[in-house]
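> For reference, the sequence and a predicted model appear below.
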Amino acid sequence: MTLLLCGCDRVVMDPGGDIAVQQRDLILFSTGVMLLIIVPVMVLTVLFAWRYRRGNPNKTYDPDFDHSTTLELVIWSCPLLIIIALSAVTWTSTHLLDPFRPIARIAPGKPVAPGTKPLDIQVVALDWKWLFIYPEQGIATVNELAVPVNVPLRFSITSTDQFNTFYAPTLAGMVYAMPGMRSMMHAVLNRPGETWGYSANYTGAGFSDMRFKLRGMQPDEFQSWVAAARGDRRGQLTRQVFTVLSRPSEKAPPMRFAGVAPDLFDRVLNSCVEPGKPCMSDVMRADMSRGGGHPGDTRVGAGMPPGHGSLPLHGDKPTPALEKEPEDKGSGPNVTAPRGSGAPGQHRPGDERNRDMSLRAPNTEPGAPWTGQA
């Protein structure tokens, strides 16, 4: 087992970012608390098996034993205390380490300075490679993520056509990349160096090689890296280039683009990179403003169900029944009492006033013909 573990990388237990450090501490705390009950149980299992073995000459036979208050307190109180401790820590950590929540500190004892603007990075999961767009720097990379150390990072994450998972162990935890949806992750990297990021959700043949290099740099080194990327010979990442780039490919090498279309990420998010294809946001906005459409209408957003709060195609929006006055509700056959003194029931099963609620001659024997209702 030791030889097999020699090939493993303990990157999860040796993170380089504050968020990943807190997640590691949570793993260690949870494991330690659970071992408080696991280790004693394993030890006592061996001890009881030895002490109460059949060949023990000093064993005690007590056929009348059925209850021990002390034993019951130990059996129930210890697991209960452990569950309470784990629940409290998990609940607080879930909110403090929420990936959508901006970070409040760079490192322990180093809060984020007021007015600090995070570095925006847009992440797109392709088949089978990662695209990183730096909107403020106007560059893009494939399978290479460079970030300055001790600078808050804000990731916007989406995917082209498959559910994926963006995972950089030294930076933070896993975040889903979903088509048509924008996920967020806030993090920080505290030390320079090179590590790897992965896809943590199986997506097909090229999944094993869908990884990217995470490079932590000092701020001046990062600026030099940005300048080098702006001078890359690949040129602009236009919508046409992205269409070619998004085709499935395995073991894609790192690439840099000197420029990127300003609205490329939003078009990927709204599934409208191809020329002439309407964006999902425009379709939904048109539908919400128009309240749906008619079958056969070829306009953008036509033929879709009405949006919440939209007006009907003709006339005013009807008033809900619960908001009407009693005299406006009226009555109908479903709420009108039977005429006369009431339904005769079982005394006159054929009477029309029973409203077909009674059986005239129920079949009681197997195979007997069904006589129907009165």
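Yep, it's here.
> count of neighbours near the spatially closest residue to residue 272 that is not a sequence neighbour?
Among residues not flanking residue 272 along the chain, residue 279 sits closest, at 3.8 Å (CB to CB, 6 or more residues apart in numbering). Where C-beta positions appear, they are placed from N, C-alpha and C, glycine not excepted. Residues near residue 279, counting by other CB atoms under 10 Å, number 17.
> Just to check, residue 279 is in contact with residue 263?
No - with contacts counted by CB atoms under 8 Å, residue 279 stays clear of residue 263, the gap being 9.6 Å.
> For residue 130, grab phi and psi.
Residue 130 adopts backbone torsions of phi -110, psi 130, taken as degrees, to the nearest 10.
> Please report how far it lies from residue 261.
The gap separating residue 130 from residue 261 is 18 Å, by CB to CB, to the nearest Å.
> Quick check on the two: which one has the bigger neighbour count.
Between residue 130 and residue 261, counting by other CB under 10 Å, residue 130 is the more crowded of the two (24 against 19).
> ok, now how distant is the more buried one from residue 39?
In terms of CB to CB, residue 130 sits 41 Å off from residue 39.
> can you give me the helices for the stretch 51-200 of the chain?
With DSSP state H, counting those that start in this stretch as the criterion, the stretch 51-200 of the chain has helices at 69-96.
> Would you state the strands of it in chain order?
Using DSSP state E, counting those that start in this stretch, the strands of the stretch 51-200 of the chain run over 105-107, 110-111, 119-126, 129-134, 139-142, 144-148, 153-159, 164-167, 175-177, 183-187, 193-199.
> Need the residues that contact the second one.
Strand 110-111 is contacted by residues 104, 105 when judged by CB atoms under 8 Å, 6 or more residues apart in numbering.
> returning to that earlier point: any chance of the strands of the stretch 51-200 of the chain in CSV, plus mean pLDDT and distance to residue 216?
CSV is the format used below for these (pLDDT from 0 to 100; distance: least, CB to CB, whole Å):
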stretch, mean pLDDT, distance to residue 216
strand 105-107, 88, 13
strand 110-111, 90, 16
strand 119-126, 94, 12
strand 129-134, 95, 14
strand 139-142, 94, 15
strand 144-148, 94, 6
strand 153-159, 94, 11
strand 164-167, 92, 16
strand 175-177, 92, 19
strand 183-187, 93, 12
strand 193-199, 90, 5
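> I'd like those strands laid out as TSV, including distance to residue 30.
Converted to TSV, these look like this (distance: least, CB to CB, whole Å):
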stretch	distance to residue 30
strand 105-107	22
strand 110-111	26
strand 119-126	28
strand 129-134	30
strand 139-142	36
strand 144-148	29
strand 153-159	26
strand 164-167	19
strand 175-177	20
strand 183-187	21
strand 193-199	23
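> Per the annotation, how does this structure divide into domains?
Here the domain parsing of the chain from automatic domain parsing is 9-51+71-96, 115-269, 279-307.
> Please identify the deepest-packed of the ones you listed.
domain 115-269 (a mean of 18; mean count of other CB atoms under 10 Å).
> That one spans what distance, first to last residue?
End-to-end distance of domain 115-269 (CA to CA, to the nearest Å): 29 Å.
> cool, stretch 132-140 as well?
Taking CA to CA, stretch 132-140 runs 6 Å from one end to the other.
> now stretch 26-33: mean pLDDT?
For stretch 26-33, mean pLDDT is 90.
> what does it rub up against?
12, 82, 85, 86, 89, 90, 93, 97.
> so how far is it off the chain centroid?
24 Å (CA atoms, centre = their mean, to the nearest Å).
> where does residue 38 land on pLDDT?
At residue 38, pLDDT is 90.
> Distance-wise, check it relative to residue 288.
According to CB to CB, residue 38 stands 54 Å off from residue 288.
> Output the below-cut-off pLDDT ranges for the stretch 251-374 of the chain.
The stretch 251-374 of the chain contains residues with pLDDT under 70 at 290-316, 330-374.
> change it to 80
The stretch 251-374 of the chain contains residues with pLDDT under 80 at 285-374.
> distance of residue 186 from residue 120?
With CB to CB as the criterion, residue 186 and residue 120 are 11 Å apart.
> Which neighbours do those two have in common?
Common contacts of residue 186 and residue 120 (CB under 8 Å, 6+ apart): residue 154.
> can I assume residue 212 is in contact with residue 146?
No - here residue 212 lies out of contact with residue 146, judged by CB under 8 Å, at a distance of 10.3 Å.
> What about residue 101, how many residues nearby?
Using other CB under 10 Å, the number of residues around residue 101 comes to 12.
> Once you drop chain neighbours, what's closest to it?
Sequence neighbours aside, residue 186 is the residue nearest to residue 101 in space, at 6.4 Å (criterion: CB to CB, 6+ apart).
> residues in contact with that neighbour?
Counting by CB under 8 Å, 6+ apart, residue 186 touches 19, 99, 100, 101, 102, 103, 118, 152, 153, 154, 155.
> Go again with 7 Å.
99, 101, 102, 103, 152, 153, 154 (CB atoms under 7 Å, 6 or more residues apart in numbering).
> got a markdown table for the contacts of stretch 26-33, with pLDDT too?
Shown next, in a markdown table, are these (pLDDT from 0 to 100):
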| residue | pLDDT |
| --- | --- |
| 12 | 75 |
| 82 | 90 |
| 85 | 89 |
| 86 | 89 |
| 89 | 89 |
| 90 | 86 |
| 93 | 86 |
| 97 | 87 |
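> what ranges do the strands span in the stretch 201-350 of the chain?
For the stretch 201-350 of the chain, strands defined by DSSP E, counting those that start in this stretch occupy the ranges 211-217, 236-237, 255-257, 259-260.
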